[in-house]
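Q: Need a 3D model of the sequence below.
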Amino acid sequence: MTRLDRIKLDQEKLKNRYKLLIEQAYNLRQTDSAQSDISEYMAIKLLNKINRLKYLSREQQKTLV
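A: Numbers count the residues shown, from 1 in each chain. Reported below is the predicted structural model:
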């Protein structure tokens, strides 16, 4: 498995987790606002990781070309 493949695999896992956290935050908004905020915060942290991986994959593709 190449580095680029590994980065893309990690990106997909994080995207799936991000979607679950956003959905959980939305569902909890009416019943438990504190837990909703925590889920949203965790989703934002994951989004930052996703963006860093996106940057790495872009840089990795530039070196391959």
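Q: CA only for contacts and neighbour counts going forward, please
A: Will do.
Q: helices or strands up against the one helix or strand residue 63 maps to?
A: Assigned by DSSP states H and E, residue 63 falls within helix 33-64. Packing partners of helix 33-64 (3 or more Cα pairs under 8 Å, 6 or more residues apart in numbering; DSSP states H and E): helix 3-28.
Q: buried stuff in the helix it packs on?
A: 4, 7-8, 11, 14-15, 17-18, 21-25, 28 (16 or more other Cα atoms under 10 Å).
Q: what about the chain, any weak spots by pLDDT?
A: Scanning the chain with the threshold set as pLDDT under 70 gives 65.
Q: let's see it at 90
A: Along the chain, the parts satisfying pLDDT under 90 run over 1-4, 56-65.
Q: separation between residue 13 and residue 27?
A: Using Cα to Cα, to the nearest Å, residue 13 is found at 21 Å from residue 27.
Q: do residue 1 as well
A: With distances taken as Cα to Cα, residue 1 is found 37 Å from residue 27.
Q: cool, and residue 3?
A: Distance, residue 3 to residue 27, using Cα to Cα: 36 Å.
Q: Residue 47 now?
A: Distance of residue 47 to residue 27, computed by Cα to Cα: 19 Å.
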